[in-house]
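Undergrad: Build me a model:
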Amino acid sequence: MSGETCEVRVFRYNPNVDSEPHYDKFTVPYKPGMTILDALHHIYENLDPTLAYRWSCRAGQCGSCAMVVNGKPCAACRMQVEKDKPVTIAPLTQFPVVRDLVVDPSRAVDKVMKIRPFVERTKKPQRPEIIPQKDIEPVKEFRKCLECWACISACPVVAEAWYEFAGPAMMGKLARLELDGRDQEDRAKIAFLEGLYDCTTCKTCVEVCPKSIDIPGKAIEKLRAIVVKAGIGPLEGHLVPIDLIKKIGKSVDKISTPLLEKLPPIVNSEGAIDEVGFFTGCLMDYRLQQTGLDLVETLRRNKVRVRIPKDQVCCGSPLFRIGAVDVAENLVKKNIEVFEGLGVKKVVVGCAGCGLTLKTNYPEVARRVLGREPSFKVYDLTEYLVHELGLKNLNIRDMKAIPMTITWHQPCHLGRGQGVVKEPLEVLAKIPGVEIVEMREFDRCCGSGGGVRSGRRPIATAIGRRKAELITETKVEACVTECPFCQIHIQDSLNQAGTQIKVYSVPNLLAEAYRRGASG
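TA: Numbers count the residues shown, from 1 in each chain. Model prediction:
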């Protein structure tokens, strides 16, 4: 192991000396298991004693060593150096730099103080309170917060509108107090006023949190359900999809022939080796019908029989995300009944939001309402092709090359939400002629999720503008994703940026390769 080294680039800025920030490069001895903090210690002790950075416990418990490593905020004492991979270390974004890797967190601290993060009581208790265990459980996760501010540094909404959105950490604190029976302040209302509906539920904060606290799922969505029940929320822009779902079972209105009217109940495939149900989702049914047709065609070409129930309704994702839980639960019961009636054990989706909802919200609601989980398993198309069909069995012989440069946008609800990360790229790599160019921050939120596009369009537009810049930077012909919401929003963002780049879904390219093959 002796003699192995790693290259470390460190952000430097001393306001007393430097006119602007720069990076210094260091060569550090590599040891298996060494952390980013270990590397910084070596630089400070052996190479440059002027380097400024914060640290304390070295055990991931204090949050003081949070910084940005290779573009992602993290606790430096927990992040390990990877052998043969250069490391770039920078201070947390969204905060003024004091010196080098040290930032001034006053902006976040001031926001915390504004929301008064302690139990408020109008009357002093007459005797010690015994809190039931059932009341402790909902708030335990939020007590793990280290106040490292990594979530604020990573949040795409904070990057565009911190003046409106208090940030993930603050929402976690408000949820902890709202769910604490002793607190007598209306924390849900405070959260509403502090930008509760600005969150896209992208889960970037969960990804970078040293304690993996699920702020979107256990704080944001819980608080939204509370404000909806109290009549405070949702926002005006959310009323249209809610009303449409109540009236027609879809979150968007019909402007052309729906996909479900174009497809037969069963699409057979000669020599079928498997059978699945197809959950279309609202946008694929009413807006992106070609994507739905292409998904079914891809399955047919791979010897999969597809059953398509005509009475399926919205999955409820928009409702769960904005807090209209009661309306959503009726959809859950309806869809479970419909797909279990088909007798299929596998259901394929081509929408990240639908997939996340069917995989996470449906089992929870079914256990509570039906006393059991659904009898079918849900797969994203690419997940199904890789793990059920088998990537080596993918029908490539009937494809013809598509000479095109593309870049991949990972939908938040697919990657961080479902853990489906490698599968789309593995499938795209099988399409002849397609050249994949990696985008910086390929998994950065596009701004369309969590009800933000419908309820807080200016924020969605600002986040989408940043995504369009990243895509344009790659100089590709097309961007490919696996979510109708992302597809529509990113295309709008690219159009507004004045580029000619088109946005496709994975099944669009697969089916196009098959069509070209069929035409010779």
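
Undergrad: How is the protein divided into domains?
TA: Using automatic domain parsing, the domains assigned to the chain come out as 5-102, 106-229, 249-391, 395-518.

Undergrad: Identify whichever of those lies nearest to residue 240.
TA: domain 395-518 (7.1 Å; Cβ to Cβ). For glycine as for every other residue, the C-beta is placed from the backbone atoms N, C-alpha and C.

Undergrad: I'd like the domains of the chain as CSV, with mean pLDDT and distance to residue 237 appended.
TA: Shown next, in CSV, are those (pLDDT from 0 to 100; distance: least, Cβ to Cβ, whole Å):
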stretch, mean pLDDT, distance to residue 237
domain 5-102, 97, 26
domain 106-229, 93, 9
domain 249-391, 97, 10
domain 395-518, 98, 4
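
Undergrad: Between those, which one is closest to residue 243.
TA: domain 249-391 (9.9 Å).

Undergrad: how long is the closest one end to end?
TA: Using Cα to Cα, to the nearest Å, one end of domain 249-391 lies 35 Å from the other.

Undergrad: quick one: that domain to chain centroid distance?
TA: The chain centroid and the centroid of domain 249-391 are separated by 20 Å under Cα atoms, centre = their mean, to the nearest Å.

Undergrad: Over to stretch 503-516?
TA: With Cα atoms, centre = their mean, you get 24 Å for stretch 503-516.

Undergrad: Look up how far residue 322 lies from residue 334.
TA: Going from residue 334 to residue 322 by Cβ to Cβ, to the nearest Å gives 19 Å.

Undergrad: Which one's more surrounded, the two?
TA: Shown here are residue 334 and residue 322; by other Cβ atoms under 10 Å, residue 322 has more neighbours (29 against 16).

Undergrad: List the residues that contact the residue nearest the centre of the chain.
TA: Among the residues of the chain, the one closest to the centroid is residue 412, at 2.5 Å (Cα atoms, centre = their mean). When contacts are counted by Cβ atoms under 8 Å, 6 or more residues apart in numbering, residue 412 touches 200-204, 352, 443, 445, 449.

Undergrad: Where do the strands of the stretch 51-200 of the chain begin and end?
TA: 66-69, 72-75, 87-90, 97-99, 102-103 (DSSP state E, counting those that start in this stretch).

Undergrad: now the ones you listed as CSV including mean neighbour count and distance to residue 187?
TA: Compiled in CSV, the strands of the stretch 51-200 of the chain are given as follows (neighbours: other Cβ atoms under 10 Å; distance: least, Cβ to Cβ, whole Å):
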stretch, mean neighbour count, distance to residue 187
strand 66-69, 25, 26
strand 72-75, 24, 26
strand 87-90, 19, 34
strand 97-99, 18, 32
strand 102-103, 20, 28
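
Undergrad: just checking, residue 222 touches residue 179?
TA: Yes: the pair residue 222 / residue 179 is scored as a contact, 7.4 Å apart, by Cβ atoms under 8 Å.

Undergrad: who touches both of these two?
TA: Contacts common to residue 222 and residue 179, judged by Cβ under 8 Å, 6+ apart, are residue 138.

Undergrad: how about the residue nearest to the centre of the chain, phi and psi?
TA: phi -60, psi -40 (degrees, to the nearest 10).

Undergrad: so what's it closest to, chain neighbours aside?
TA: residue 202 (3.8 Å; Cβ to Cβ, 6 or more residues apart in numbering).

Undergrad: now do residue 75
TA: Nearest residue to residue 75, sequence neighbours excluded (Cβ to Cβ, 6+ apart): residue 210, at 4.3 Å.

Undergrad: For the one you found, which residues are in contact?
TA: Residue 210 touches 60, 63, 66, 74-75, 78, 146, 148, 150, counting by Cβ under 8 Å, 6+ apart.

Undergrad: swap the cut-off to 6 Å and go again
TA: By Cβ atoms under 6 Å, 6 or more residues apart in numbering, residue 210 lies in contact with 60, 75, 78.

Undergrad: Could you look up the SS state of it?
TA: coil (DSSP: H, G, I helix; E, B strand; the rest coil).
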